[in-house]
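A.B. asks: Sequence and predicted structure below; questions after.
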Amino acid sequence: MEIFKYMETYDYEQLVFCQDKTSGLKAIIAIHDTTLGPALGGTRMWNYATEEEAIEDALRLAKGMTYKNAAAGLNLGGGKTVIIGDPLKDKNEEMFRAFGRFIQGLNGRYITAEDVGTTVADMDLIHEETNYVTGISEAFGSSGNPSPVTAYGVYVGMKAAAKEAFGSDSLEGKTVAVQGVGNVAYTLCEYLHKEGAKLIVADINQASVDRAVNAFGALQVGVNEIYSQEADIFAPCALGAIINDSTIPQLKAKVIAGSANNQLKDTMHGDLIHEMGIAYAPDYVINSGGVINVADELYGYNHNRAMNRVAGIYDKIERIFEISKRDGIPTYVAADRLAEERIARVSKSRSQFLQNGKHIITGR
Ligand SMILES: NC(=O)C1=CN([C@@H]2O[C@H](COP(=O)(O)OP(=O)(O)OC[C@H]3O[C@@H](n4cnc5c(N)ncnc54)[C@H](O)[C@@H]3O)[C@@H](O)[C@H]2O)C=CC1
Ligand SMILES: CC(C)CC(=O)C(=O)O
């Protein structure tokens, strides 16, 4: 991979490689765009097959955060970290503390939170070294684990997408095929079960599947069979790039609405599902509940205020479908336009000169 060429093409600001031999930390912090404010995005810990795969994931996820934060109306830019390692085997206290010190070194340009493979306890360790971390234990006045709030946002966004596809936002009696029943999807399943939806689940982790089968009477299918289920809604809640050349022909669902980041392998896959008439709730809009929740910490965390804002994901998804129909464009393009237009508007107002003391010659 030609890193500078890639960064230039997609306009990335910074890529930071962090190494600490004692703890085994190998982390990559990607900062995409800080026009709207400091880059906020979670830390993913994953056993990447190659370093290139890890870099690519960090870069793609960071750009997604720029769009997510902009579309959510937050005054935050986009960034993300990946830590290379097995979250079940390779974690230790020193690793997260060393990582916290690297974050502190960025002096507020990047603020972290949880993502796949990291927990509130990990964030608490980072917090030993820096304040630029959210989603730490509630005892510190923080918002805690963002996953249940993300799930609520996905639930209301799914209802808005169902309204678009089926004419009603009721999920009662609808069949939802859920890919990955981890932190976010388990709570999502809870909401869906309560509303009377039927659940089909698949996960590479049998214990997660068992939990959903026992709690919600979900039907278990194999990980490769989840795409072709006779479901009304497909909810991707595991990893990215799962809407691709090989999965699209298998899809029977009329709605795609799930928490996973970077669901489209490529933009052409967003075009393809649009042509097929599938109502796609853009990933970074429907899954923005978690970041809306942790971002509320910047104002002194208030759970009700955060949840009210997350409930607005319903209206935002509705608006995106309206723009998509009005302009004859796929929903992912409509979402990108909302985000890009906001960044352009704010950057224009920020281009005005503001005295910050640096231009007072006498004070040198
Ligand atoms: N946790 C949060 O608040 C947010 C999460 N997201 C995204 O939502 C997705 C899920 O996040 P979490 O629930 O936090 O992660 P998690 O790690 O708790 O859950 C992911 C689940 O997917 C399963 N999985 C992995 N590969 C799979 C495959 N090929 N087929 C089926 N299952 C597979 C895992 O075993 C795990 O149970 C991720 O893409 C994450 O980036 C997005 C916004 C916020
Ligand atoms: C988990 C969130 C708090 C932030 C994030 O990284 C995301 O929304 O993907």
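C.D. replies: Alright, I've got the coordinates. Remember, predicted model here, so these are calculated numbers, not experimental data. Numbers count the residues shown, from 1 in each chain. Ligands and ions are numbered 1, 2, ... in the order given.
A.B. asks: Let me see the contact set for the residue lying closest to Gly180 once chain neighbours are set aside.
C.D. replies: Nearest non-adjacent residue to Gly180, counting by C-beta to C-beta, 6 or more residues apart in numbering: Ala238, 2.8 Å away. The C-beta positions use only the backbone N, C-alpha and C, and glycine is treated the same way. Ala238 makes contacts with Gln179, Gly180, Gly182, Asp203, Ile204, Ala260, as judged by C-beta atoms under 8 Å, 6 or more residues apart in numbering.
A.B. asks: what about burial for those residues, which qualify?
C.D. replies: The neighbour count (16 or more other C-beta atoms under 10 Å) marks Gln179, Gly180, Gly182, Asp203, Ala260 as buried among the contacts of Ala238.
A.B. asks: Now compare those and name the two farthest from each other.
C.D. replies: Spanning the widest gap among the buried ones among the contacts of Ala238 are Asp203 and Ala260, at 12.7 Å by C-beta to C-beta.
A.B. asks: any shared contact partners between those two?
C.D. replies: Gln179, Gly180, Ala238.
A.B. asks: Please enumerate the strands of the protein.
C.D. replies: Along the chain, counting by DSSP state E, strands occupy 14-20, 25-33, 39-40, 43-46, 77-84, 110-111, 175-179, 198-202, 219-220, 233-236, 255-256, 279-280.
A.B. asks: Present those as a markdown table; the columns should include distance to Phe4 and mean pLDDT.
C.D. replies: Shown next, in a markdown table, are the strands of the chain (distance: least, C-beta to C-beta, whole Å; pLDDT from 0 to 100):
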| stretch | distance to Phe4 | mean pLDDT |
| --- | --- | --- |
| strand 14-20 | 9 | 98 |
| strand 25-33 | 14 | 98 |
| strand 39-40 | 19 | 98 |
| strand 43-46 | 23 | 98 |
| strand 77-84 | 18 | 98 |
| strand 110-111 | 20 | 98 |
| strand 175-179 | 35 | 98 |
| strand 198-202 | 39 | 98 |
| strand 219-220 | 46 | 98 |
| strand 233-236 | 32 | 98 |
| strand 255-256 | 34 | 98 |
| strand 279-280 | 33 | 98 |
